[in-house]
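Structure of the sequence below:
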Amino acid sequence: MATLKSSATTDQVMRYAAQNYSMTDGLRSILGRATPENFTDLGRTICEMEWSRNEWLSMMANKITRSDLLERGFENPLGKYRKPPIRAGQTAEQIYINIMEPKVFDPEGAAAENFKRFMPDVRAAYFSNPLTLRYSTTVYQREMEGAFLYEDSIYNFMNSVSGKMMASAAKTDYDYTIRLITEAAGKGWFKSVNVPTLNAENSNQIITTIREYSNLLKFYRSDFNISGVTTRSDFSDQVLIMDAKAEATCSVNSFAMAFNLDYMSFKPHVEMIDNFYDLTGAHFALIDKEFFQIFPMWVPMMNTTPVGAGGYWNLHMLVSCIYAASPFVNAILFTEETPSITSVTVSPATAELAKGMTQNFTAVYATTGYASQQTNWSISGNSDPNTKISPNGCLTLGPDEAGPTITVTATSVENSGKSGTATVTVS
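Have a look, this model is predicted:
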């Protein structure tokens, strides 16, 4: 954000206050006289009165800090993948309509199904539980008085004050964005691909592997996302995230050459982070840009608490945001750890269920190397064709289900030899 002259900043604060606050007529009349010539005298007048000091600092903090936060975007390298702010409510929803399965055309069968409904496979994910954080700092009266000494002083003063909180907010925002990757990988949401230990000698081999999977993402597949939906990611939608070591070892130019692109065409698809935190052996992640479901809840706001006896103000900045990852998009983790699945169990292991009722089941995995925990659910022993289990493990008994027992099976997509079962008694 370009530095503003203090008199121009004063006029901006006046307009901002008039639009967003019930600014007192007294301060409005003071602000209306702001010029470069009388700026210092104006500041002295503001600082002499407690009500004008309090009101001025509150409005100025909101104007400048809000502008900085919005324009800088917290300076998070992954901040560009945020969603627009949520203006009302506290929940975001993502809806995905899966690919249709074709049927062989049969004239007689088609006539019999003329009035039958064909419901699409629609899936939804809800993102809520916004994280609200507060950042606080103290401003002394002598600092505020010094802000009116010369023409550039107010902006510099407020930039130094709000800069403390913005830097903290930037670090927190970055941490939570990276943790979306690490937590999703820990839950087996990524397709985990084993690559050699990163060094200069095998960097080209690793680049070739990444290019291979980047090519595969362009085709309709269901094994690169945890929900098992059939989807694809054009190269323009792919984001390659690499840590500092990977960026230093594998030059972006080498990646560009491998992808048959010039440097400037490839660079927008690459984001560098310092590291993947607690993901051991991971230096690269290839994801769809829609992976990040990050929704600011409202524009960051400042409020001030004047402490007259101490001659200072406590400034508080509130930032609220939803941090979530999409289960419907492609996500691949390249790791030096060997992905494997040790076991799959189903929870609950037993259940008793009445006709027409539902029961949710969860597949519990023991894995190494962040192996994918994508699951195929199936049932056996049912007598009613309306007894079904959803792709996410929700069993629904048909109205005519006779049972007496139904077996629910969770089979690993990564390793079909690993599965677990649960037994349902029809009551």
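
May I ask you to confirm that T421 belongs to a strand?
Yes. With DSSP: H, G, I helix; E, B strand; the rest coil as the criterion, T421 is part of a strand.

Which residue comes closest to it once chain neighbours are left out?
In space, not counting the residues next to it along the chain, T421 is nearest to T409; the distance is 5.1 Å by CB to CB, 6 or more residues apart in numbering. C-beta: built from backbone N, CA, C; applies to glycine.

What are the phi and psi values at that neighbour?
Backbone torsions for T409, taken as degrees, to the nearest 10, come to phi -120, psi 130.

Number the chain from 706, please
Fine by me, first position is 706 from now on; the one you just mentioned is T1114.

hang on, it packs against G1125?
Yes. Under the criterion of CB atoms under 8 Å, T1114 lies in contact with G1125, with a separation of 7.4 Å.

any shared contact partners between the two?
Applying CB atoms under 8 Å, 6 or more residues apart in numbering, one finds that T1114 and G1125 are jointly contacted by V1051.

Show me which residues of stretch 927-935 are buried.
Of the residues in stretch 927-935, those with enough neighbours to count as buried (16 or more other CB atoms under 10 Å) are 929-934.

Ok, stretch 1071-1084 next?
Quick answer for stretch 1071-1084 (16+ other CB under 10 Å): 1072, 1074-1080, 1082, 1084.

Dump those residues to TSV, plus pLDDT and distance to G1103.
Putting the buried residues of stretch 1071-1084 into TSV (pLDDT from 0 to 100; distance: CB to CB, whole Å) gives the following:
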residue	pLDDT	distance to G1103
T1072	95	34
G1074	93	40
Y1075	95	38
A1076	96	34
S1077	96	31
Q1078	96	29
Q1079	96	27
T1080	96	22
W1082	96	16
I1084	95	11
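
Considering these, which is situated nearest to I978?
Y1075 (16.9 Å; CB to CB).

who's in contact with the closest one?
For Y1075, the contacting residues are 890-891, 893, 895, 897, 984, 987, 1038, 1040, 1042, 1044, by CB under 8 Å, 6+ apart.

Would you mind giving the secondary structure of it?
Using three-state DSSP, the three-state assignment for Y1075 comes out as coil.

average pLDDT for stretch 759-770?
Averaged over stretch 759-770, pLDDT sits at 71.

nope, stretch 1089-1108 is what I was after
Per-residue pLDDT values across stretch 1089-1108 average out to 91.

Send me that stretch as CSV with only the CA atoms.
Output of stretch 1089-1108 as CSV, limited to C-alpha atoms (Å, rounded to 0.1, in the frame of the first residue of the first chain):
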residue,chain,number,x,y,z
ASP,A,1089,-34.4,-55.9,0.1
PRO,A,1090,-32.8,-54.2,-2.9
ASN,A,1091,-33.6,-50.9,-1.2
THR,A,1092,-31.1,-51.7,1.5
LYS,A,1093,-28.1,-49.7,0.5
ILE,A,1094,-24.9,-48.2,1.8
SER,A,1095,-23.7,-44.8,0.7
PRO,A,1096,-20.1,-44.0,-0.6
ASN,A,1097,-19.4,-42.5,2.9
GLY,A,1098,-20.5,-45.5,4.9
CYS,A,1099,-24.2,-44.6,5.8
LEU,A,1100,-26.3,-47.8,5.8
THR,A,1101,-30.0,-47.5,5.2
LEU,A,1102,-32.3,-50.6,5.7
GLY,A,1103,-35.1,-51.0,3.1
PRO,A,1104,-38.7,-51.1,4.4
ASP,A,1105,-39.0,-54.8,3.6
GLU,A,1106,-35.6,-55.9,4.8
ALA,A,1107,-35.8,-59.4,6.4
GLY,A,1108,-32.2,-59.8,7.3
